[in-house]
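**Student:** I would like to see how this sequence folds:
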Amino acid sequence: MTISPREIVAGIIHLASLPEVLLRVNEMIDNPHYSAADIGRVISQDTGLTARLLKIVNSSFYGFPGKIDTVSRAITIIGTHELRDLILATSVVKMFSGLPNDIVTMDSFWRHSIGCALVARGLAARRGESHTERFFVEGLLHDVGSLLIYRKIPELAREALLRASYDSETLCQAEQAVMGFDHAAVGGELLRAWKLPTHLEEAVAFHHAPSMAQQFPLDAAITHLANIIASAVQFGSSGSRHVAPFEAAAWDLVGLSEEVIEPVVIEAETQFSEALRLVYPDEA
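**Tutor:** Take a look at the predicted model:
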């Protein structure tokens with residue numbers, strides 16, 4: 001069976017369509033003719049999404065001192081791009097929450113994704129990045145391509161997972177051997193089809209090979225490091241029992257010492273339960 005990442009995405013895009021409100025916000029966000037209030041009104045038309053967003057921004061995960069009771073207020077405080085990223089994250093988690101557990105345990109999958117997101121956020125914070133939610137969302141969605149593979153070609157997905165479980169290969173290597181591509185390529189193709197920001201697309205597409213990122217190598221490098229750290233400390237499972245080595249250039253690019261790993265992991269562990277409650281499918 002010969003298939004490409006583009007064919008997987010093209011064959012499933014109607015089943016994995018972004019909510020209309022997110023598509024609309026994505027169009028408005030860089031248009032100077034629209035204000036935060038305009039964007040807030042569009043988001044507020046989706047009552048379920050509004051409830052999820054307000055639940056997140058009012059949680060201890062953010063720690064804002066006062067209650068935020070409107071989407072417009074949330075936009076004013078955390079920014080339009082950050083709120084768009086949160087909409088994307090909650091939408092994707094909800095979209096794929098119904099996948100069966102016969103190929104990989106969804107609980108373990110999302111635990112790994114959330115762990116990666118928290119570590120990515122921690123690494124970005126230690127670099128002094130001002131908008132760390134961008135890196136949280138990149139970490140959360142880094143394995144989104146796996147979800148399409150599980151749905152579209154489950155037999156090949158199962159074969160790759162078995163190779164990664166019993167052979168000396170990482171999941172990425174096993175997928176290349178079985179399918180000729182890996183989940184990172186599929187994830188990048190999906191985000192490209194969704195016309196999402198390039199920084200998110202590259203962070204997902206190159207989280208196993210950050211040196212290949214053309215425009216946003218820092219995003220790819222942080223996601224790469226966070227993914228490996230989350231796997232090493234067993235925040236859930238990405239489907240492989242082998243922890244891939246760090247790409248040395250990624251540490252150089254991020255500009256942090258490996259000594260930051262322990263405090264970042266400790267911080268992620270303290271935030272994990274709250275983050276899980278906020279974004280895990282059963283709670284979405």
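
**Student:** quick one: contacts for the residue of the chain most remote from its centre?
**Tutor:** Within the chain, the residue lying farthest from the chain centre (Cα atoms, centre = their mean) is H33, at 29.6 Å. Residues in contact with H33 (Cβ atoms under 8 Å, 6 or more residues apart in numbering): none are found. Backbone N, C-alpha and C define where each C-beta goes, glycine included.

**Student:** give me the three-state assignment for it.
**Tutor:** coil (DSSP: H, G, I helix; E, B strand; the rest coil).

**Student:** extract the CA atoms of the lengthiest helix in the chain and return them as CSV.
**Tutor:** Scanning the chain for the helix with the most residues, using DSSP state H, yields helix 106-126. Extracted C-alpha coordinates of helix 106-126, given in CSV (Å, rounded to 0.1, in the frame of the first residue of the first chain):
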residue,chain,number,x,y,z
MET,A,106,-5.9,7.8,24.3
ASP,A,107,-5.4,8.5,27.9
SER,A,108,-1.7,7.9,27.6
PHE,A,109,-1.5,9.8,24.3
TRP,A,110,-3.0,12.9,25.8
ARG,A,111,-1.0,12.7,28.9
HIS,A,112,2.2,12.7,26.8
SER,A,113,0.9,15.6,24.7
ILE,A,114,0.0,17.6,27.8
GLY,A,115,3.4,16.8,29.4
CYS,A,116,5.1,17.9,26.3
ALA,A,117,3.1,21.1,26.2
LEU,A,118,3.9,22.0,29.8
VAL,A,119,7.6,21.3,29.3
ALA,A,120,7.7,23.4,26.1
ARG,A,121,6.0,26.2,28.0
GLY,A,122,8.6,25.9,30.8
LEU,A,123,11.5,26.0,28.4
ALA,A,124,10.1,29.0,26.6
ALA,A,125,9.6,30.8,29.9
ARG,A,126,13.2,30.2,30.9
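
**Student:** that one packs against which elements?
**Tutor:** Judged by 3 or more Cβ pairs under 8 Å, 6 or more residues apart in numbering; DSSP states H and E, helix 106-126 is in contact with helix 133-140, helix 217-232, helix 261-279.

**Student:** count of neighbours near H242?
**Tutor:** Residues near H242, counting by other Cβ atoms under 10 Å, number 16.

**Student:** distance of it from S146?
**Tutor:** Counting by Cβ to Cβ, to the nearest Å, the gap from H242 to S146 is 16 Å.

**Student:** neighbours of A230, how many?
**Tutor:** Other residues close to A230 by other Cβ under 10 Å number 28.

**Student:** in contact with it, which residues?
**Tutor:** Here A230 is in contact with 112, 115-116, 119, 139, 236, 238, 268 (criterion: Cβ under 8 Å, 6+ apart).

**Student:** I'd assumed T90 was in contact with R52.
**Tutor:** Yes: the criterion here is Cβ atoms under 8 Å, and R52 meets it with T90 at 5.0 Å.

**Student:** helix, strand or coil for K94?
**Tutor:** Assigned with three-state DSSP, K94 falls in the helix class.

**Student:** and it, how many neighbours does it have?
**Tutor:** There are 17 residues near K94, going by other Cβ under 10 Å.

**Student:** roughly how far apart are it and I39?
**Tutor:** 20 Å.

**Student:** likewise for I149?
**Tutor:** 33 Å.

**Student:** got it, and D143?
**Tutor:** 29 Å.

**Student:** ok, S237 next?
**Tutor:** 37 Å.

**Student:** compare those two (neighbour count), which wins?
**Tutor:** Higher neighbour count among S237 and I39: I39, with 22 against 19, using other Cβ under 10 Å.

**Student:** quick one: the lowest-mean-pLDDT helix or strand in the chain to chain centroid distance?
**Tutor:** Within the chain, no helix or strand scores below helix 5-12, which has a mean of 80 by mean pLDDT, DSSP states H and E. In this view, helix 5-12 has its centroid 19 Å away from the chain centroid, taken as Cα atoms, centre = their mean, to the nearest Å.

**Student:** which is the succeeding secondary structure element to that helix?
**Tutor:** helix 20-28 (DSSP states H and E).

**Student:** quick check: buried residues in that next one?
**Tutor:** Going by neighbour count (16 or more other Cβ atoms under 10 Å), the buried part of helix 20-28 is 21-22, 25-26, 28.

**Student:** and for stretch 103-113?
**Tutor:** By 16+ other Cβ under 10 Å, the buried positions in stretch 103-113 come out as 103-104, 106, 108-113.

**Student:** that'll do, ta.
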